[in-house]
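1. Model the following, please.
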Amino acid sequence: MATFTTYRLHFTTPVHIGDNREDYGSSLLSIQSDTLQAALTACLAKTGTTIPQNGDLGFTCSSLFPYYQKDRESKPIYFFPKPLNQKLPKLKDLSKAKQVKKMQWIDAAFFEKILFGQSPIQSETDCDYIQSTYLSKESIPTDFIQRQISPRVSVSRTGMEDATPFYMERLFFTDYSGLFFLAVGDTRLLDQGIGILSQEGIGTDRNVGNGYFEFEKAAIELDIPQNGSHALNLSMFIPENKNQLEQLLSGKNVAYDFSRRGGWITDTAYTGIRKNFIHAFLPGSVFAKEMQQAECSGRIVNLAPDLSEINMQPIPHPIWRSGRALFLPINI
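-> Sure, this is the predicted structure:
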């Protein structure tokens, strides 16, 4: 049994979570760990807190995943991403098979079974526990995260161009639900930064009231195998070096996906300039590494671009992107 610190974010306003395509008409359902750490670093820097020279805030966290909670006194139901290589039995009932295919999120009880190598769906009867894209024996409202698309207008900063209409999808969390993440390590800077972040907001369009939240710090126990044949990451992961990457990808039952990480610089003096980019492995990837306990691995990179080619002064501080990930042992 392993114990993790958990932070539950209950959003008091709508939130839009953007993707690499910058498609405002569609919001993601998860905030990635590197986005959270970058936002916390920015909040701490604004208050004059000294950021370590290597960008390491002292803790490693998972990405943010959905949880459902009826009210403040109720027990939260945590959902984890389905591992990418999860093999499910063939089902004769086509409608049941479609249900399984749509399943994306696994509650903690089923997630523990997956870690020990058990399939969460062993018969067509188990499909009755699939509620929309969530797998749980607990009864949950399938619409506890609601989507709303609203028309917006983009106004030219110079006033020389016509206003451009567009649509934005925002998420609303019903009851006391929201997003949570796990954290390990020294969480003192995390505790300091998340209080500021809750007032500044996270996600897109914070200046018009999106992304504000309340948070609670608690603990969660997960039953994890002591001899896992593989490693499952719960965070965005950037390998430490080429050798580590080759070792993690060499073997059977490896499954992964990755995403390009970068984006726009938010400092006022450098608005309109993009950061450098790097690719990172997405949560739910499975790597070839035997594990006996939860581990943290990966590196933190500086994505500050070289501005000398456009005759601009260098950015006076690093732009850190954390690729340190929380790994759990899993049996395949």
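2. In terms of helix, strand or coil, where does the closest residue to Ser26 other than its chain neighbours fall?
-> Leaving aside its sequence neighbours, Ser26 sits nearest to Glu169 (Cβ to Cβ, 6 or more residues apart in numbering; 5.5 Å). All C-beta atoms are positioned from the backbone trio N, CA, C, and that covers glycine. Assigned by DSSP: H, G, I helix; E, B strand; the rest coil, the conformation of Glu169 is strand.
3. Glu169 - how many residues pack around it?
-> Glu169 sits with 17 neighbouring residues when counted by other Cβ atoms under 10 Å.
4. doesn't Asp19 make contact with it?
-> No - between Glu169 and Asp19 there is no contact under Cβ atoms under 8 Å: 11.1 Å.
5. tell me, what's touching the two both at once?
-> Ser26 (Cβ atoms under 8 Å, 6 or more residues apart in numbering).
6. mind listing what the residue nearest to Ser26 touches?
-> Glu169 neighbours (Cβ under 8 Å, 6+ apart): 16, 24-27, 147-149.
7. As CSV, these with secondary structure would be great.
-> Conversion of the contacts of Glu169 to CSV gives the following (three-state DSSP):
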residue, secondary structure
His16, coil
Tyr24, coil
Gly25, coil
Ser26, coil
Ser27, coil
Arg147, strand
Gln148, strand
Ile149, strand
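8. And the buried ones among these, selectable in PyMOL?
-> Restricted to buried positions by 16 or more other Cβ atoms under 10 Å, the PyMOL selection for the contacts of Glu169 reads:
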select buried, resi 16+24+27
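9. so which of the contacts of Glu169 comes closest to Ala39?
-> His16 (14.2 Å; Cβ to Cβ).
10. Now do the SS call for the nearest residue to Lys87 once chain neighbours are set aside.
-> Of all residues not flanking Lys87 in the chain, Ser119 sits nearest, at 6.9 Å (Cβ to Cβ, 6+ apart). For Ser119, the secondary-structure state derived from three-state DSSP is coil.
11. So Ser119 sits against Leu88, correct?
-> Yes - between Ser119 and Leu88 a contact is recorded at 6.1 Å, counting by Cβ under 8 Å.
12. quick one: the residue nearest to Lys87 from Gln86, how far?
-> Taking Cβ to Cβ, to the nearest Å as the measure, Ser119 falls 8 Å from Gln86.
13. the more surrounded of the two?
-> The residue with more neighbours, out of Ser119 and Gln86, is Gln86; 19 against 14, by other Cβ under 10 Å.
14. Please name the nearest non-neighbouring residue to that one.
-> Ile114 is the one closest to Gln86 (Cβ to Cβ, 6+ apart), at 6.5 Å.
15. who's in contact with the helix or strand hosting the one you found?
-> Element membership for Ile114 (DSSP states H and E) is helix 108-115. The contact list for helix 108-115, computed with Cβ under 8 Å, 6+ apart, reads 77-80, 82-83, 86, 106, 119-120, 129, 135-137, 220, 222-225, 228, 232, 328-331.
16. repeat for stretch 206-213
-> Contacts for stretch 206-213 (Cβ under 8 Å, 6+ apart): 9-16, 170, 178, 198-205.
17. from those, which ones fall inside strands?
-> Taking DSSP state E as the definition of strands, these contribute 9-11, 170, 178.
18. Just name the closest of the residues you listed to Cys43, please.
-> Nearest member of the ones in strands among the contacts of stretch 206-213 to Cys43, counting by Cβ to Cβ, is Leu9, at 14.1 Å.
19. Enumerate every residue touching the residue nearest to Phe237 when sequence neighbours are not counted.
-> Counting by Cβ to Cβ, 6+ apart, Ala325 is the residue found nearest to Phe237 once chain neighbours are left out, at 3.8 Å. By Cβ under 8 Å, 6+ apart, Ala325 lies in contact with 33, 60, 233-237, 281, 283, 296-298.
20. Out of the residues you listed, which end up buried?
-> Using 16+ other Cβ under 10 Å, the buried members of the contacts of Ala325 are 33, 60, 233-237, 281, 283, 297-298.
21. Which pLDDT does the model give Glu200?
-> Note for Glu200: predicted pLDDT of 92.
22. going forward, begin numbering at 2 instead of 1
-> With the count now opening at 2, the last piece we talked about shows up as Glu201.
23. and the gap between it and Tyr25?
-> For Glu201, the distance to Tyr25 - Cβ to Cβ - is 20 Å.
24. Also Ile279?
-> 24 Å.
25. Identify, from the buried ones among the contacts of Ala326, the entry nearest to Glu291.
-> For these, the nearest to Glu291 is Ser298 (13.6 Å; Cβ to Cβ).
26. right, and the closest one touches Gly324 too?
-> No - judged on Cβ under 8 Å, Ser298 makes no contact with Gly324 at a distance of 9.3 Å.
27. Identify the contacts common to those two.
-> With Cβ under 8 Å, 6+ apart, Ser298 and Gly324 have common neighbours Phe238.
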